[in-house]
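[1] no sequence for this one, just the structure:
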């Protein structure tokens, strides 16, 4: 054992490797991405790791490996689990042979996600056991226990850290590499009565799953991950109260407790199957319980049910009673305030630390496309080409969602991975006179864009597909994908060619253009948009994080008249109005030259890309 | 700083300015002194030019990686408006080390709230008892690099004595965490402010 300062996601990766994981598959998504990256960084040669094209593929790859007896892990974010839900729901009925842990990162807030869905609820729905860590070091311990439970019971098991656990750092004890467990997988044993799902097998296995989860509820009641902190001192003469909590919220509860006098606390680390006996012990003698949790009121609903089943007269409070906010992230302050209100402390105690808010207007700082981002050039080319036309711009998931911001304002819809292409088709069927555009990034195209293009082509839609190909998965930190010709095993492989895929579907117009050649890009958009049917433009230019400038652009102060057209049209963070002129922030400029091409006075020059 | 003292530090700025590396350097320096560390930071969408912050807790008895309002001993701000955004976390009598150079967001030039630098600096000067202003433009010119503002600010914080870590501790952390070719520049940056 030795001590390391680790991010939660790195701790999960190392915990899985220490538990003998052999196959790891995932799809990038904040806040889960670093788990798989850290597996790739720390793994030994006998571990296989891949970025799959999407979460469904990852789930199936890992399931197949687990059928063959290997310990396997899937990594994704919470909305990624939706993509993988089809295999997962059936997989729970079929079961696994090697241990299989599905790491799903939830994102209260949400900080970088479309939804505030709760994987604990998904666990109940899919009947899959779930571990819910409160800290990076606990996540490290839980991974190993999750593998053991999974393998022993023949079921996939969830580990669901939230953002603050994924991206929190902590110094912790970890085992040495020579102590990592090693497994020799038995291999796949042919048995169609076990591995082929049919209604008769499903009903039999369903009954087994329900019995197993009832047994696990009892067993997990004795787990070290479900524990009670007993009350200290007298909290209140008239009323006996308790607090039930989970995840990162447990740390906020813990830090708000007065060590000399505090109520009883229940920390739930395995919310499904719910540790009922442990909960009953906690509830004994209490009058009221405050449930402090993030996302869904999972513990709250479970405790209400336990009270009903056991005839306990305990009032359960939390999100359903308005004591805890129904949405958003908890914080040390929100939890402290909720507990103060709950235990009935004087209001003045809760507010002694609060300060008045700053009384100056602060600028808004939403995330924006980077200086020199080729997506800006692509959006701007379409915007100029289609000026005055009736259009809809369906966007998708990735950096390019930021094309919604002013002044570009080029994203009318964004729903989920790949949806832009199919949403545009729905609009077309209602408004055939609207020129429909769908923007999709290269990684998203492979993840779930291709089927949408086939749908459009087959169903006779008029649609201009714009593939924003920056040769990476930029938003999540530049992961490789099938178009990059690199794998997570470090191999250089044949890249999948997007243009060839589109032509293979049947599209006859597929134009590949550098969006930084502005006039050419505008003309191409005009020409392609005027054609009927499904046609595509591939705007190909590497992400600026990967393509460094050869020379940066400069403004000739004698020529700049301060019209700020560049600023108002492009919104590039490197363009800064200063003293009646525009200055280019040299620390940000990437030499894309788009502003040079937009300036009506030829005042900007000198930029060049490598 | 001894292992039984504790310090709450917030680093804040604009995505891409280097707040995360700065929090790693503090953590490395503290751990070399046997001080337990917890941090929480912004990663992901907000990094694209958005407001970012890291909470760094040194030697804390608490278990949460995030701190509550009015509990930070020190705010290290890479940008003055971001210093104001985090001010509610500052403990009464706490210290703010801030770069005075604004990073004006696109939103301020395209119809959003404008950037009131005078108001922002004025508020910091009246509200913060212990304010250290760092001239980022000057440091950039003198050091010949825009890449080490994070270390300039860390050096200033260590010199004020509010970080609980010495310049020497940070120098060691730089040697631990950065490639050797960057040592000379960053050591100069450490001593700059």
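    Sure thing, it's come through. Predicted model only: the values in this text are computed from it and were never measured. Numbering: from 1, shown residues only, chains lettered A, B, ... in the order given.
[2] in chain B, where's the longest strand?
    Ranked by residue count and defined by DSSP state E, the top strand of chain B is strand B:90-99.
[3] partners of that one in the sheet?
    Strand B:90-99 sits in its sheet next to strand B:72-77 (parallel), strand B:130-134 (parallel), going by DSSP bridges.
[4] make CSV from those strands and add mean pLDDT and mean neighbour count to it.
    (C-beta placed from N, C-alpha, C; glycine too.) As requested, those are arranged in CSV below (pLDDT from 0 to 100; neighbours: other Cβ atoms under 10 Å in any protein chain shown):
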stretch, mean pLDDT, mean neighbour count
strand B:72-77, 96, 26
strand B:130-134, 95, 17
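[5] including distance to residue A:603, could these go into JSON lines?
    Listed next are these as JSON lines, based on distance: least, Cβ to Cβ, whole Å:
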{"stretch": "strand B:72-77", "distance to residue A:603": "34"}
{"stretch": "strand B:130-134", "distance to residue A:603": "33"}
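[6] hmm, back to that, contact partners of the longest strand of chain B?
    A:355, B:8, B:13, B:70-80, B:83, B:87, B:124, B:128-136, B:149, B:153, B:156-157, B:160, B:162 (Cβ atoms under 8 Å, 6 or more residues apart in numbering or on different chains).
[7] output the below-cut-off pLDDT ranges for the stretch 101-250 of chain A.
    Low-confidence segments of the stretch 101-250 of chain A, defined by pLDDT under 70, span residues A:234-237.
[8] what about the helices in it?
    Secondary structure of the stretch 101-250 of chain A (DSSP state H, counting those that start in this stretch): helices at A:119-126, A:136-153, A:163-166, A:192-195, A:199-220, A:247-256.
[9] again, but for chain B
    Using DSSP state H, the helices of chain B run over residues B:19-32, B:80-85, B:106-109, B:117-127, B:136-143, B:149-160, B:167-177, B:183-190.
[10] so for residue A:141, which of the strands paired with strand B:90-99 sits nearest?
    Closest approach to residue A:141 among the strands paired with strand B:90-99 (Cβ to Cβ): strand B:72-77, 30.3 Å.
[11] quick check: which ranges of chain A have low pLDDT?
    A:234-237, A:345-358.
[12] tell me how it divides into domains.
    With automatic domain parsing as the criterion, the domains of chain A are listed as A:2-218, A:227-349, A:374-540, A:549-609.
[13] ok, for residue A:90, nearest residue in space, not its chain neighbours?
    Once flanking residues are discounted, residue A:90 sits nearest to residue A:197: 5.6 Å by Cβ to Cβ, 6 or more residues apart in numbering or on different chains.
[14] swap in residue A:59?
    Residue A:59 sits nearest to residue A:84 (Cβ to Cβ, 6+ apart), 3.9 Å away.
[15] thought residue A:58 was touching that neighbour, still the case?
    Yes - assessed by Cβ atoms under 8 Å, residue A:84 is found in contact with residue A:58 at 6.7 Å.
[16] quick one: common contacting residues for the two?
    A:74, A:76.
[17] which residues touch residue 145?
    Here I'm looking at chain A. Contact partners of residue A:145, counting by Cβ under 8 Å, 6+ apart, are A:131, A:225.
[18] um, chain B though
    Residues near residue B:145 by Cβ under 8 Å, 6+ apart: B:185, B:189.
[19] do you know how far it is from residue B:132?
    Separation of residue B:145 from residue B:132 (Cβ to Cβ, to the nearest Å) stands at 21 Å.
[20] what's the answer for residue A:158, then?
    Using Cβ to Cβ, one obtains 47 Å as the distance from residue A:158 to residue B:132.
[21] re earlier: of the helices of the stretch 101-250 of chain A, which stretch is the most buried?
    Of the helices of the stretch 101-250 of chain A, the one with the most neighbours on average (mean count of other Cβ atoms under 10 Å in any protein chain shown) is helix A:163-166, at a mean of 30.
[22] mind giving me the packing neighbours of it?
    In terms of contacts (3 or more Cβ pairs under 8 Å, 6 or more residues apart in numbering or on different chains; DSSP states H and E), helix A:163-166 is packed against helix A:8-18, helix A:247-256.
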